[in-house]
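Visitor: Kindly return the folded structure for what I paste below:
(one chain, ligands or ions: 1)
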Amino acid sequence: MTSVLFEGIGLLYTGDPAAEELRDAALVVADGEVLWTGPSDRAPDADERVDVEGGCVIPGFVDSHAHLVFAGDRTEEFTARMSGVPYSAGGIRTTVAATRQATGGELAGRTASLVAEMLDQGTTTVEIKSGYGLTIEDERRSLEIAAAFTGETTYLGAHVVPPGLSADDYVREVTGPMLDACAPYARWIDVFCERGAFDGDQTREILAAGIAAGLGARVHAGQLGEGPGVSIACELGAASADHCTHLSAADVEALAGSGVVATLLPGAEFSTRSPYPDARRLIDAGVTVALATDCNPGSSFTSSMPFCVALAVREMAMTPLEAIRAATVGGARALRRTDVGALRPGARADLVVLDAPSYTHLAYRPGVPLVRQVWQGGVRVV
Ligand SMILES: [Zn+2]
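Guide: Predicted coordinates for the structure are as follows:
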C-alpha cells in the first residue's frame, strides 16, 4: 500500500462539515482512499510526496446530471435561438434521429471523449442518462454504453414521446418492455416532466414503475414553467429534482422538508438565454442544492463544472463557498453517495489541484483552465 502525502496546500476544501476548509493543510491518500487531512505541521509521513506549491485542493466534481450518449449536432438550432427563436422540448427529436442512425462504436467514442473532457476539467464522478434512443433497443444500447463509463446510469426513456406513437402507447412501452430491457443497465429512472414532454400523471406512473423495478427516482422538473414535477419527486422520495427554475412557494416548502436535492443546471439557462433559478430562495429555505452541467447537444452543450460554478456565483447569487459545496457534496447527495464529493478519511481519493490559491478563482477567473492535476481513486489521471 503506497501512501501519498499532498503538501503545500494553500487551501483545502474538504466538503466535510466538521472542518470544511483548512489553510496550510496536508492530505494523505492510500489504497485509493483519503487516509488523513489536517494542518501541514502535523502531517504524518508517507511513501511519496506531492508538493502543490500553495494551490487549492478540492474534491473531484460530482456532475449528477448529464446526457452524453448521442450523435449529431445542433449548432443551427443554437444559432436560431441566439437570433431570437425560443427553446422548446421538441429539439430533442433531432438528436434522437441522429442517435438511432449512429453505430454503437460511434456513440461510445463520442461518450468517451466527453467523459475525458469532463475529467480534464476536474469531474471525477458523472451521471449519464439515456433518452436519445426512445426505442427499446436504442435505449438499451445507450445505457449499455453509459454503463461502461459510470455506475451512475439513468434510464430516461421518458425524455419525449417519439414521433409516430401516441403518448399512451409510449408510456405503456416505457413502463413495460423498455423498462425490462433497460433496468439491468440502470441505477436510476428519470422523466422529463414538462409541457411538450410528460404530464404529472404520466410522470408518476413512469417513476413508480421504475421504483418497482428497483431503480432510484430523479425528475426533470420546472425547467420551462411551473409544473407537478417537484411535488411528485417529493411524494415518491426521489433523490433529486433537476432544473428547479420555475418553482411555486409550495414546491420550495416541499423540497425543504423532503431531503430531495434541488439540482440546478445554469448551463441550460445560459445556453437558452433564460432566467436563472433562484438559488438563494432554495438555500435560505434549507434545501440541499447541487450544481451540474446538464451536458447535452441541445440546451446546454458544456461539460465544464468550473463554468457552472462561475455562473452560479455570478448569475445566481451563490457565494463561492455555496457553489463549490453544491458542485461536490451537493452532487454526491443528489446521487445518494457518501464516498465521493468530500475529502474525509475513508472517502474515495478523488481530488483536484487548482492552479489558484482558492476555489473562489473558479468564479473570479471565469473561463480560465485552472485545473492543474486530477486524481481519481488515488491515481493521477490528469
Ligand atoms: Zn437534462
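
Visitor: going forward, measure contacts and count neighbours with C-alpha atoms only.
Guide: OK.

Visitor: how about the strands in the stretch 201-350 of the chain?
Guide: Ranges of strands in the stretch 201-350 of the chain, per DSSP state E, counting those that start in this stretch, are 216-221, 240-243, 261-264, 289-291.

Visitor: Roughly how far does Leu362 sit from Leu22?
Guide: From Leu362 across to Leu22, the span is 18 Å (C-alpha to C-alpha, to the nearest Å).

Visitor: Any idea how far apart the tips of stretch 9-17 sit?
Guide: Across its full length, stretch 9-17 reaches 19 Å between end residues, using C-alpha to C-alpha.

Visitor: Now do the buried residues in it.
Guide: With burial defined by 16 or more other C-alpha atoms under 10 Å, the residues of stretch 9-17 counted as buried are 9-15.

Visitor: do the same with stretch 328-347
Guide: Neighbour counts over stretch 328-347 (16+ other C-alpha under 10 Å) mark 328-335, 339-347 as buried.

Visitor: what does stretch 143-162 give?
Guide: Buried residues in stretch 143-162 (16+ other C-alpha under 10 Å): 143-147, 149, 151-162.

Visitor: Return the member of the buried residues of stretch 9-17 nearest to Asp294.
Guide: Set against Asp294, the nearest of these by C-alpha to C-alpha is Gly15 (22.4 Å).

Visitor: The closest one: what's it in contact with?
Guide: By C-alpha atoms under 8 Å, 6 or more residues apart in numbering, Gly15 lies in contact with 21, 59, 325, 328-329, 341-344.

Visitor: Need those in a markdown table (columns: distance to Ile136 and pLDDT).
Guide: What follows is the contacts of Gly15, written out as a markdown table (distance: C-alpha to C-alpha, whole Å; pLDDT from 0 to 100):
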| residue | distance to Ile136 | pLDDT |
| --- | --- | --- |
| Glu21 | 47 | 97 |
| Pro59 | 37 | 98 |
| Arg325 | 38 | 98 |
| Thr328 | 34 | 98 |
| Val329 | 34 | 98 |
| Gly341 | 34 | 98 |
| Ala342 | 37 | 98 |
| Leu343 | 40 | 98 |
| Arg344 | 42 | 97 |
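
Visitor: any chance you could map the strands in the stretch 1-150 of the chain?
Guide: Here the stretch 1-150 of the chain has its strands, by DSSP E, counting those that start in this stretch, at 3-13, 21-30, 33-39, 48-51, 56-59, 61-63, 123-126, 128-129.

Visitor: Let me know which of these is the nearest to Gly200.
Guide: When the strands of the stretch 1-150 of the chain are ranked by proximity to Gly200, the top entry is strand 128-129, at 20.6 Å, counting by C-alpha to C-alpha.

Visitor: strand partners of the closest one, parallel vs antiparallel please.
Guide: Sheet pairing of strand 128-129 (DSSP bridges) gives strand 153-158 (parallel).

Visitor: Alpha carbons of the partner strand, as PDB, please.
Guide: Provided in PDB are the C-alpha atoms of strand 153-158 (Å, rounded to 0.1, in the frame of the first residue of the first chain):
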ATOM      1  CA  THR A 153     -26.600   5.400 -15.200                       C
ATOM      2  CA  THR A 154     -30.100   6.800 -15.700                       C
ATOM      3  CA  TYR A 155     -32.900   5.400 -17.800                       C
ATOM      4  CA  LEU A 156     -34.600   8.300 -19.500                       C
ATOM      5  CA  GLY A 157     -36.900   6.600 -22.000                       C
ATOM      6  CA  ALA A 158     -39.400   9.300 -20.900                       C
END
